[in-house]
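> kindly generate the corresponding structure for this input.
(chains A, B, C and D)
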There are 2 protein chains.
Amino acid sequence: MKEIKRITIRDVARMAGVSPSTVSRVISGNPRISIETTERVIKCMEKMGYHPNAIARSLANSSSSTIGLVMPQGPGEALSNPFFPEALSGIIRTSSEMGYDILLVSHHGDEDGQVNAIKAMINASKVDGILLMTSRKDDKSIAYLDSVDFPYSVIGSPDNGQPSFNHADNDNIMAAYELTSYMINKGFRRLVLISGGKELTVTRMRIKGFRKALEESGIPYTDDHILVGKFDEETGYNFGKRIYDPANKIDGIIATDDVLAFGAATALLESGLRIPEDVAVSSFNNSVLSRRCNIPITSIEINPGRLGEESVRLVIDSILNGTRGKRVIVPYQLHKRASTEGFTK
Amino acid sequence: MKEIKRITIRDVARMAGVSPSTVSRVISGNPRISIETTERVIKCMEKMGYHPNAIARSLANSSSSTIGLVMPQGPGEALSNPFFPEALSGIIRTSSEMGYDILLVSHHGDEDGQVNAIKAMINASKVDGILLMTSRKDDKSIAYLDSVDFPYSVIGSPDNGQPSFNHADNDNIMAAYELTSYMINKGFRRLVLISGGKELTVTRMRIKGFRKALEESGIPYTDDHILVGKFDEETGYNFGKRIYDPANKIDGIIATDDVLAFGAATALLESGLRIPEDVAVSSFNNSVLSRRCNIPITSIEINPGRLGEESVRLVIDSILNGTRGKRVIVPYQLHKRASTEGFTK
DNA sequence: CTGAAAGCGCTTACAG
DNA sequence: CTGAAAGCGCTTACAG
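Got it, this is the predicted structure:
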């Protein structure tokens, strides 16, 4: 950087013929300064190309206007899921609109590493709040944040006994219920739900909604209705191959993520089954994959951008007003496509 | 946050019976402090649960140990490409290892918005350097960074006349050359290159390598060999449909991204063509898509994580040592798969 | 090897 | 409506 001497509040004050205090008040929009003075000072700031030093501000009023963002772990996990970039995009846009910066919390592998990274950020006064893009069962980061009563919010739903849990989420029980009911109404009654990580709250909630719809339709629910593996195509593919066995008489698959649905669909087609004539397929996340693949897949749009946006509002609300334990529900939409439509059983 | 009074350097000093200066020197590892004093101070810090205030440090030595990260624009663009999370992962890991934080530069839509966001970060002294994950032709952000001689680095290659352009990239000319030569040697000689954004340097370099390989094999190169659209599956699909026309006699496709290859392959298969017997397909980025789809696609691994890592090293080198215009080449690997193998023409 | 003092650039009660 | 002064929590020449 060219070593131009930094222009400070003092320089502006001198040029405008006022005190630094006055300039400071103009910057922060203090209403007690006369209009003439305000205008004069602003003109001087522009003339000199003055920009307030954010670091000095932070130190003086002990607030950084920065949110620490904890992203999903590693590239293998949700980072590669299309959900992530969309949510991130919403987070960046909203925080920027609300005058907050986003600092990434680096996560080295394990959970304790993440907790330590969060601790370090907080202790160093770098952030005013924390935003967790995912949470797991008995999340240690959340336990820590609760223990120090530091402002935070989460995308997803609480597990249990987490008092400060500000969170933005879809109504996953309702969404799974609606999707399952839709399949049943179309005549697909031998359904199976395939999913990743059973330890994730989202999975458990969708299972609940799925079960509720079955039982309401008089279909007895058993554990055989659930196949749980990982959130990847391979898992979907393997489950698809298992479902193929005609003895199972499965006629409908509900996947909790499009990559699973895609993998399963691939396996079904390879085995010579038709979609939806032999087996109908539906899913969550409404990703490009679901829209563009050979047989477009019926899928639930969960609005990741909105989830990101609301979670940012929640942390900031938590920082500014001490809000704790608040819940924001983001609507979802069911998109019906060829994988379940155009055929009546 | 519980209003516990912050523990400062003064508190530690008092407890250890030394001056704040000494505590400060212990923190920064100043070698002129005696071992006994150092140990005593450290013990006190631990006992009191002291953590240095990063903001105050930054203000005192005017350096934030923070890198401003400019991500690809919007969710539509490269953000959804698997390249992105992998590169990001490398960036986070490396910066954390090297003691730097990552602050996201929020990008509202257009290019000027991005430049302004970068300016704001720099003017507010929030960052010591800037890392650009992508660059376009005549990039305004780069022009600005050059004009103020602020430390930065880029993933990708310079366009022209960009003096400070520290960058990490693959040898894209060589990679395209090698991939094309491989296809030619397999007997596929009526090749077409399909790509997104011609304004991107990466596209232009790959075209160069492609052309070089053709010409060395005595295949006259014309503009008909190149199809340029967007970096999405639809583009690939449409090109795949066009290629289908037997009059073209195309027997090989080289895509510059797996989503393009995937789209094209879908179109070919739909049209009843066989891969690779009728048309061989190869690509770049070695994404899950290329590895796992029906017919695994031959693809070049560009090592996004390494690109992220090296670009971080470059900004930091630029911050610390004033390095400018340095280039780091990250190796690539060709992965041969069914879309070009197991068949000899 | 260690300390007193000034300074980083802002904010904000307090006083007028 | 405005200013002088103290303070945010560190760092670092300077002096010893």
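
> so after the longest helix along chain A, what's the next helix or strand?
Longest helix in chain A by number of residues (criterion: DSSP state H): helix A:304-321. Downstream of helix A:304-321, the first helix or strand assigned by DSSP states H and E is strand A:327-329.

> from the middle of its chain, how far away would that following strand be?
Centroid separation between strand A:327-329 and its chain, computed with Cα atoms, centre = their mean, to the nearest Å, is 12 Å.

> from the contact counts, what lies against it?
Judged by 3 or more Cβ pairs under 8 Å, 6 or more residues apart in numbering or on different chains; DSSP states H and E, the packing partners of strand A:327-329 are strand A:166-169, helix A:304-321. Backbone N, C-alpha and C define where each C-beta goes, glycine included.

> if we go to 7 Å?
Contacts defined by 3 or more Cβ pairs under 7 Å, 6 or more residues apart in numbering or on different chains; DSSP states H and E place strand A:327-329 against strand A:166-169.

> in the helix or strand just after the strand it packs on, what's buried?
Using DSSP H and E, the helix or strand that follows strand A:166-169 in sequence is helix A:172-185. By neighbour count on 16 or more other Cβ atoms under 10 Å in any protein chain shown, the buried set for helix A:172-185 is A:172-173, A:175-184.

> swap in stretch A:338-345?
Those would be A:338-340, for stretch A:338-345 by 16+ other Cβ under 10 Å.

> and for A:G68, the neighbour number?
Neighbour count of A:G68, defined by other Cβ atoms under 10 Å in any protein chain shown: 25.

> check contacts around the residue nearest to it when sequence neighbours are not counted.
Spatially, and ignoring its direct neighbours in sequence, A:G68 is nearest to A:V127 (3.9 Å; Cβ to Cβ, 6 or more residues apart in numbering or on different chains). By Cβ atoms under 7 Å, 6 or more residues apart in numbering or on different chains, A:V127 lies in contact with A:64, A:66-68, A:103, A:121.

> any chance of a markdown table for the buried residues of helix A:172-185, columns distance to chain B?
Output for the buried residues of helix A:172-185, formatted as a markdown table (distance: Cβ to the nearest Cβ, whole Å):
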| residue | distance to chain B |
| --- | --- |
| A:N172 | 22 |
| A:I173 | 27 |
| A:A175 | 22 |
| A:A176 | 25 |
| A:Y177 | 29 |
| A:E178 | 26 |
| A:L179 | 24 |
| A:T180 | 28 |
| A:S181 | 31 |
| A:Y182 | 27 |
| A:M183 | 26 |
| A:I184 | 31 |
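
> among these, which one lies nearest to A:M205?
A:N172 (3.9 Å; Cβ to Cβ).

> tell me which element the nearest residue to the closest one once chain neighbours are set aside is part of?
Leaving aside its sequence neighbours, A:N172 sits nearest to A:M205 (Cβ to Cβ, 6+ apart; 3.9 Å). Using DSSP H and E, A:M205 sits in helix A:201-216.

> for the next helix or strand after that helix, packing partners?
Once the chain leaves helix A:201-216, the next helix or strand it forms, by DSSP H and E, is strand A:226-229. Judged by 3+ Cβ pairs under 7 Å, 6+ apart, strand A:226-229 is in contact with strand A:191-196, helix A:233-244.

> circling back: and the longest helix of chain A, what does it pack against?
Helix A:304-321 sits against helix A:83-97, strand A:129-132, strand A:152-155, strand A:166-169, with contacts defined as 3+ Cβ pairs under 7 Å, 6+ apart.

> what about the first one, average pLDDT?
Along helix A:83-97, the predicted local confidence has a mean pLDDT of 90.

> flag every buried residue along it.
Counting neighbours by 16+ other Cβ under 10 Å, one finds that the buried residues in helix A:83-97 are A:83-96.

> same check, this time on stretch A:25-32
Neighbour counts over stretch A:25-32 (16+ other Cβ under 10 Å) mark A:25-27 as buried.

> sort out for me which of the residues you listed are in helices.
Per DSSP H, those map to helices at A:25-27.

> closest one to DNA strand D out of those residues, please.
Nearest to DNA strand D out of those is A:R25 (Cβ to the nearest atom of the strand; 6.6 Å).

> residues in contact with the closest one?
A:32-33.

> could you check how far it is from chain B?
Look at A:R25 and chain B: by Cβ to the nearest Cβ, to the nearest Å, they are 19 Å apart.

> distance of that residue relative to A:S164?
Using Cβ to Cβ, to the nearest Å, one obtains 35 Å as the distance from A:R25 to A:S164.

> and what of A:S96?
25 Å.

> same question, A:L104
22 Å.

> residues contacting A:V18?
A:37, A:41.

> can you give me the strands in the stretch 1-150 of chain A?
A:66-70, A:101-104, A:129-132 (DSSP state E, counting those that start in this stretch).

> and those strands as CSV, adding mean pLDDT and distance to DNA strand C?
Listed next are the strands of the stretch 1-150 of chain A as CSV, based on pLDDT from 0 to 100; distance: least, Cβ to the nearest atom of the strand, whole Å:
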stretch, mean pLDDT, distance to DNA strand C
strand A:66-70, 95, 15
strand A:101-104, 95, 16
strand A:129-132, 96, 18
